[in-house]
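Colleague: Next come a sequence and a model predicted from it.
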Amino acid sequence: MSFVATNVALSGSDLSVNETAKQTIKLTKVMMESRAQDAADDIGTFFQQDGTAFGGKAPMGLAGIVDNGTDLANYGGLSRATYTGLNATVTASSGTISLLKIRQLANAITDGKVRPTIALTTYDIWAYIEQLLQTFQRNTYSDFSNMDAGTGYKANGIIWDGLTIFRDKKVASGIFYLLNTDYLQFHGLKWWKGTPVSLKSEVIKGNIYEYNPTNATKAFTWTNWIEAYSQGAVNGFMIMGGQLICTAPLRNGALTGVTGI
């Protein structure tokens, strides 16, 4: 398990000024909402990386899971060179993406009914794929305006051969993922003391993290306020514990280096 903490610090002088008749916003409430969104944004970044940040204390991400040993020689403490089932299929796309390349990648990680369940890529590559589809193919996804991407926000999905292709600005440039979520799970662990934190916001607008209410109260634990001994201030921490785990990396794949069609 990995633990990620985001602190909320407030000075006593600011709190004193805020607790007056001229108060326009509740300072503690706004800061809590703002830092919760900062924490969610940080976690989104970690989930696209390889788990080596902060001396290996960061949560594992897709860059480390969907890998063939190029980035991480070991996964879960085991050598990918020895245990080849820990290797995903990673294919250099030589700059371009095509439906044929997507199909070939899908074929490489598919066996019968065991097949990718979603695709995930950048906004740019999503647009390239949209250009590849014929008009009659585009019509098949025109009514899917409220599909949940499963990554914390609502986004349109392109439907191709029963596979939904989602876009996410956290995905690294040039990457197109084919993922089998049957073998990809996040196992959470609450901090030993504290209360759950909601990612919803009443004051701050444009919060994309509030669109996944199923886990809004499960991601973070609030430690409550801790009063400083030598300063007129309070501090507290939002802590997320858990790990992103893949039980079958070989069922996932990626195209890399995509820059056009």
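Modeller: Ah, there it is.
Colleague: Which residue ranges of the stretch 101-250 of the chain form strands?
Modeller: Assigned by DSSP state E, counting those that start in this stretch, the strands in the stretch 101-250 of the chain fall at 118-121, 158-160, 163-167, 176-179, 184-188, 195-197, 220-222, 226-227, 233-246.
Colleague: residue contacts, W160?
Modeller: 99, 102, 119, 129, 133, 137 (C-beta atoms under 8 Å, 6 or more residues apart in numbering). In short, each C-beta sits where N, CA and C put it, glycine included.
Colleague: Grab the nearest non-local neighbour of A53.
Modeller: The spatial neighbour of A53 that comes closest, neighbours along the chain excluded (C-beta to C-beta, 6 or more residues apart in numbering), is F46 at 6.9 Å.
Colleague: Can you give me the pLDDT of that neighbour?
Modeller: For F46, the model assigns a pLDDT of 94.
Colleague: And the one 10 residues further on, by the same measure?
Modeller: G56 is assigned a predicted lDDT (pLDDT) of 91.
Colleague: Same question for D182.
Modeller: pLDDT, D182: 96.
Colleague: next one: I25
Modeller: 89.
Colleague: Please apply the same query to T70.
Modeller: At T70, pLDDT is 95.
Colleague: pretty sure it is touching A88, no?
Modeller: No: contact criterion C-beta atoms under 8 Å: T70 and A88 do not qualify, at 10.2 Å.
Colleague: okay, and for the stretch 1-150 of the chain, where does confidence drop off?
Modeller: 134-150 (pLDDT under 70).
Colleague: in what helix or strand does the spatially most central residue of the chain lie?
Modeller: Central residue of the chain (C-alpha atoms, centre = their mean): G44, 3.7 Å from the mean position. When elements are assigned from DSSP states H and E, G44 belongs to helix 27-46.
Colleague: Buried residues in that helix, which are they?
Modeller: Buried residues in helix 27-46, defined by neighbour count with 16 or more other C-beta atoms under 10 Å: 28, 31-33, 35-37, 39-40, 43-44, 46.
Colleague: and if you look at stretch 49-68?
Modeller: 49-51, 58-68.
Colleague: Can you tell me which of these end up in helices?
Modeller: Applying DSSP state H to the buried residues of stretch 49-68, the entries found in helices are 62-65.
Colleague: From the residues you listed, pick the one nearest D182.
Modeller: Among these, I65 lies closest to D182 (C-beta to C-beta), at 13.8 Å.
Colleague: Tell me if I'm right that that closest one and A248 touch.
Modeller: No: look at I65 against A248 with C-beta under 8 Å: they stay out of range, at 10.1 Å.
Colleague: Is V90 in a helix, a strand, or coil?
Modeller: Following DSSP: H, G, I helix; E, B strand; the rest coil, the label given to V90 is strand.
Colleague: A254 bridge partners, please.
Modeller: V90, Y177 (DSSP bridges).
Colleague: Just give me the neighbour total for it.
Modeller: Residues contacting A254 under the criterion other C-beta atoms under 10 Å number 29.
Colleague: Touching, it and L178? I think so.
Modeller: Yes: here A254 reaches L178: they are 7.2 Å apart, a contact under C-beta under 8 Å.
Colleague: Since that was my last question, I'll sign off now.
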